[in-house]
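any chance you can model this:
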Amino acid sequence: MDRLNRRYGWTDYHINGKVPHGANGEPFRNGNITMTRRLFRMLAALGLAAGLSGFASAAHAEKRVALVIGNNDYKNVPKLLKAVNDARTMGDTLKQLGFAVMVAENQNRQQFSETLLAFDRAIEPGDTAFFFYAGHGFEIAGQNYLLPTDVPAAIEGQEELVRDASILADRVVERLQNKKARTSILVFDACRNNPFERSGTRAVAGGGGLAPMTQLPEGVFSVFSAGPRQTALDRLSNDDANPNSVFTRTFAKELLQPGENLVQVAQRTRRLVSEMADTVKHKQVPVYFDQMVDDVFLSGAAKDAAAAAARPVDPPPQKLAALPPVSVPRVPKEETTNAPIASFSRHNGGWSVTFSFADPTIGVSWRMAGSGDFRETGFIDTLDPRTRKRMPNPSIELPPDAQAGTIEVRYVDASGDMQGPFPIKFDPEAALVRDQRKILDMTATSWLSFRQFNGLLVYYTHLVSYRCAIREVRIGIDTAVPDKVLKMPPCDLRDPSAITAGMLLYEKLPPATQFMSVELTYRDGSVSEVKTFRTASRSNN
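Just a heads-up that it's a prediction; the model follows:
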C-alpha cells in the first residue's frame, strides 16, 4: 500500500495503515460493499484517503460524497505551505457532516485525472457531491484552471501550455452534472498570486485571483476564497501559527454550525474573512455563486441522519444523506408531513411573507417563536378546488423593523388534523438582499434610462432604489468595458428603497454619447453580465 500511495500521490491520512472499516466497525469483506469490485480495486490502488464506509450504502441510495485535494509540492512554480493541511481539515469537517471523503495530496496531472475519474465513479444520480481544491489556480481569458504539481513554468505567449497541463474548473462542474448529482458544491481556496511570475521574465497573461463562475447550471453552489481580482491570504502575519489558510480555517468552522444553510455559511465566512484581512490592510472578500433551487443545510442534515441511525426503525444514515429541500432546523414528529416554505418581499410598509404548502389546507396560523399565541391568517375570496372551501390567506405582514428570528407556522390539512408547527428562519438582511437581487435580475433593461432636458441626461434611479443588493456599480461611456465606479448611497435597512436629498440620481452626458455599459457586483460577490444601453434607440441588451 505504501508503494501504491507513493506512486499515485495519495496519503493514508484517514486510513493510517489500517484496513478500511464499514459503518458497523467490521473490516470490509465481499458482503460488506455494494460498489463494483473494479471500482474498489481502483480506490485501493489509488490509496484513497477516504471514509470508505460511506460508499457501502445500498445501490442507488442517495448519499454524500466528497473529494478534497491539496497541492503543496509544486515542481516548477512556487511551492505552497498550507494547501495540504487545508485539504485535511476540510476532509475531517466533511466526515463530521456525513460525507464519505476522499483526500488527495500533491497530485500531478495524471494523478489528478485519475482521482477525478474515481470520484466520478463514486457518484450516483441523486447524490450530493462536494469538491474542494486548495492549491495554485490560474485564470486565462475568463476561465479558471487548477494547477497540478507538475505544471510547467511558462512565460508570456505560453498560455496554451498552461491550459494543456492543467484541469479546467468548468469541467469539474460538467462531470458532476453528467453524473446527475442532485446537489453539487464546489469550493476553491486557490485565489493566490500569479504562480508564473519570475524575475527577469514576462509572466503568462493573467493576474492574481480567479474569474467569477456566473454561468452555473441549476443545483450547483460554488465558493471562492477571494473575490474577482483579489488574492487569498495563507496567514495574517509571520506570527500566525494556524496550520490553515485564513479562508479554510473560517469556512470549515462555519460549515459545522447547526441550522445554517449554505448561503448563510458563505455570508458569515465572507464577513469574518474580510474582517480578518482588514486587520492587515488586505482586501479579501470571499464570494459565492448560488444556483440552488432549495435552501441547503449540511450540519442540520448530518444531525438528523445521526439521530435516525440511533432508531432501529429508521433507514441507515447513508439513505438520509441527500440534502433536505426546506429550511427546517428540526424535523416534525410526523415525518411524512410536507413542511411549508416561505418567500420574503420588502416594501415601504414592511415585510410580506408568503407561505407555500404542498398539501391542501383549510386553515393557517403563525407566530414568532416564543412570543404569544398563534394567530390565524384568515381567508381570501377564492375557492380551493381540492377542498371545495375558501382558501386560507397564505401571506402575513411584518413591520419594517422586524428583527431576525424564527417564524412558527402550522396548518390544518384537508382531514382536519393540525400539522406543525414548522420553524422558518427570518433573516431581514439576507432576505432583503435576495429580494432586491431578484428584482434587479428581472429588470436588467431598466438599470439606466435617458432623457433629453437641456442636454442628454442619464438616470440611475432604478439602481439606487435597489442598492442594498449591490456592492459596486461600474459604468462605461461609449466603451464596452465599464471603467468608472459609480458611487452608490449606503443601504438603510430600516427604509431600503428611500431616495433622499443629495443622492446622485442622474448626471449630464456629453451630447455625442452613443451608449453606456454597466456591470454590477452584487453583495454576494457575483458579477453581472455587462449590459449595454443605447442613448438614441433606447435599445438595451
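
wait, residue 393 touches residue 377, no?
Yes: counting by Cβ atoms under 8 Å, residue 393 does reach residue 377; the two are 4.2 Å apart. Where C-beta positions appear, they are placed from N, C-alpha and C, glycine not excepted.

so those two - more neighbours on which side?
The residue with more neighbours, out of residue 393 and residue 377, is residue 377; 18 against 15, by other Cβ atoms under 10 Å.

what residues are shared contacts of residue 393 and residue 377?
Shared contacts of residue 393 and residue 377, defined by Cβ atoms under 8 Å, 6 or more residues apart in numbering, comprise residue 364.

so where do the strands sit in the stretch 101-250 of the chain?
Assigned by DSSP state E, counting those that start in this stretch, the stretch 101-250 of the chain shows strands spanning 128-134, 137-140, 143-146, 167-168, 183-189, 220-224.

and the first one, which strands flank it?
Translated: strand 128-134. strand 64-70 (parallel), strand 183-189 (parallel) (DSSP bridges).

and for the last one?
Next to strand 220-224 in the sheet, as set by DSSP bridges, lie strand 183-189 (parallel), strand 287-290 (antiparallel).

just the residues contacting the first one, thanks.
The set of residues external to strand 183-189 that reach it, using Cβ under 8 Å, 6+ apart, is 83, 86, 90, 128-134, 137, 144, 146, 169, 172-173, 176-177, 210, 219-225, 232, 245, 247-248, 251, 262, 292, 296, 322-323.

quick one, which of those residues are buried?
With burial judged by 16 or more other Cβ atoms under 10 Å, the buried subset of those is 83, 86, 90, 128-134, 137, 144, 146, 169, 172-173, 176-177, 210, 219-225, 232, 245, 247-248, 251, 262, 292, 296, 322-323.

residue 363: which element?
Here residue 363 sits within strand 361-368, counting by DSSP states H and E.

brain fart, residue 345
Assigned by DSSP H and E, residue 345 falls in strand 341-347.

how far is the helix or strand just after that strand from where the chain is centred?
Next in sequence after strand 341-347, counting helices and strands by DSSP H and E, comes strand 350-356. With Cα atoms, centre = their mean, to the nearest Å as the basis, strand 350-356 stands 25 Å off its chain's centre.

buried sites along strand 350-356?
Buried residues in strand 350-356, defined by neighbour count with 16+ other Cβ under 10 Å: 351, 353, 355.

quick one on the thing from earlier: could you tell me the least trusted of the strands of the stretch 101-250 of the chain?
Mean pLDDT per stretch puts strand 137-140 lowest among these, at a mean of 84.

CA-only coordinates of that one, as PDB, when you get a sec.
Backbone C-alpha positions of strand 137-140 (Å, rounded to 0.1, in the frame of the first residue of the first chain) are rendered in PDB as follows:
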ATOM      1  CA  GLY A 137      -5.200  28.300  -9.500                       C
ATOM      2  CA  PHE A 138      -4.900  30.500 -12.600                       C
ATOM      3  CA  GLU A 139      -7.300  32.400 -14.800                       C
ATOM      4  CA  ILE A 140      -6.800  32.600 -18.500                       C
END
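
so how far is it off the chain centroid?
For strand 137-140, the distance to the chain centre is 20 Å (Cα atoms, centre = their mean).

got the contact list for the residue nearest the centre of the chain?
Against the mean C-alpha coordinate of the chain, by Cα atoms, centre = their mean, the closest residue is residue 221 at 3.7 Å. Residues near residue 221 by Cβ under 8 Å, 6+ apart: 183-186, 262, 288-292, 296.
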